[in-house]
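In: 3D model of this:
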Amino acid sequence: MKRLSKSWIAAAVAAFAIFGCSGDINRNTSPIDLVVTNSQNLNQIDLEPNAANCNQSIGTILMQAIVKSTSGDNRFNDVRITSYRVSYIRTDGGHAVPAAFVRAMDTLITANGGSTGLSNFLVFEGDALNQAPFASLLPINGGRDPETGRPLVKMDVIVEVFGQTLAGEKVSGSTRFPIDFCYHCQGCF
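Out: Numbering: from 1, shown residues only. Now for the predicted structure:
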């Protein structure tokens, strides 16, 4: 009797592994794909005060709501964007990054209606550029990142956008801005 129950348990576990983990947990059930891209203005940010060309935005976030299937009623497929999250990942081998943060917003995107741009968005909070890893690039602090030994910090700024359709289906999308940070390095460009 014990052999039968162990065999039955093994068969149940195998069936669950085959049929229960089909990837449905990660499937997006929303009728909309929120496509988030960007148009980048700056690839390098010079941290020196009054550095040339640094008085502009990093870029523009472009958001578009694409209907997955054209059949059915699309009246409730418009998307209300409610927030965005900014996080960072080093691409130069270092690990120190500013703290991630979330900001509320309120924008309505028409389904299949072209791109909506967001150009006035916050990339860094408060005095983040005066803290690690950027503070180490200042001449008073040695002018080099202690993790990489280089005079610049390379990272991706990741912007995730969150919202929901007017029918209540959650949607999200993300984009990245690769940026180099340095001090006294010919300005921003």
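In: tell me which residues in stretch 64-80 are buried?
Out: Neighbour counts over stretch 64-80 (16 or more other C-beta atoms under 10 Å) mark 64-65, 74, 77-79 as buried. Backbone N, C-alpha and C define where each C-beta goes, glycine included.
In: From start to finish, how long is that stretch in a straight line?
Out: 11 Å (C-alpha to C-alpha, to the nearest Å).
In: residue ranges for the strands of the chain, please.
Out: Secondary structure of the chain by DSSP state E: the strands cover 32-40, 44-46, 59-67, 79-90, 101-109, 116-118, 152-165, 170-182.
In: Let me have these in JSON lines, extended by mean pLDDT and distance to Pro139.
Out: Below are the strands of the chain laid out as JSON lines (pLDDT from 0 to 100; distance: least, C-beta to C-beta, whole Å):
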{"stretch": "strand 32-40", "mean pLDDT": "96", "distance to Pro139": "28"}
{"stretch": "strand 44-46", "mean pLDDT": "97", "distance to Pro139": "13"}
{"stretch": "strand 59-67", "mean pLDDT": "96", "distance to Pro139": "28"}
{"stretch": "strand 79-90", "mean pLDDT": "97", "distance to Pro139": "22"}
{"stretch": "strand 101-109", "mean pLDDT": "96", "distance to Pro139": "28"}
{"stretch": "strand 116-118", "mean pLDDT": "92", "distance to Pro139": "35"}
{"stretch": "strand 152-165", "mean pLDDT": "98", "distance to Pro139": "14"}
{"stretch": "strand 170-182", "mean pLDDT": "98", "distance to Pro139": "12"}
